[in-house]
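Colleague: structure here, sequence nowhere to be found:
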């Protein structure tokens, strides 16, 4: 995936129809989000899920680990 979410939207939209067909046919596809800096992977996964919801009757997903920015640790 691309670290800028907008660059992923077209690719995900392209897969939304086939994934909906596979699920309708009884398949259980997996989605794996990966990019050079995997801190962006949860955002890409959320965008994918929300994109696929356009073609599937999926419920809203709860917050996933990693969606919130990491908290800075204090040394004091």
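Modeller: Structure received. Owing to the predicted nature of the structure, the values given are computational and were not obtained by experimental measurement.
Colleague: ok, the residue nearest the centre of the chain to residue 56 distance?
Modeller: Geometric centre of the chain, nearest residue: residue 45, 1.4 Å, by Cα atoms, centre = their mean. Distance, residue 45 to residue 56, by Cβ to Cβ, to the nearest Å: 15 Å. To be clear about C-beta, it is placed using only N, CA and C from the backbone, and glycine gets the same treatment.
Colleague: got it, and residue 17?
Modeller: Residue 17 is 10 Å from residue 56, where distance means Cβ to Cβ.
Colleague: distance from the chain centre to whichever strand or helix holds residue 48, please.
Modeller: Using DSSP states H and E, residue 48 sits in helix 41-52. With Cα atoms, centre = their mean, to the nearest Å as the basis, helix 41-52 stands 2 Å off its chain's centre.
Colleague: from the rest of the structure, what touches it?
Modeller: Helix 41-52 is contacted by residues 1, 5, 8-9, 12-13, 15-16, 19-20, 31, 33-35, 58, 61, 64-67 when judged by Cβ atoms under 8 Å, 6 or more residues apart in numbering.
Colleague: report the buried members of these.
Modeller: Listed as buried from these are 1, 8, 12, 15-16, 19-20, 33; burial here means 16 or more other Cβ atoms under 10 Å.
Colleague: in helices only, show me these.
Modeller: 8, 12, 15-16, 19-20 (DSSP state H).
Colleague: where does the protein dip in pLDDT?
Modeller: Within the chain, the segments meeting pLDDT under 70 span 65-76.
Colleague: ok, residue 20 to residue 7 distance?
Modeller: As defined by Cβ to Cβ, residue 20 lies at a distance of 22 Å from residue 7.
Colleague: follow-up on the earlier one: and the two most separated of the ones in helices among the buried ones among the contacts of helix 41-52?
Modeller: Within these, 8 and 20 form the most distant pair, 18.0 Å apart (Cβ to Cβ).
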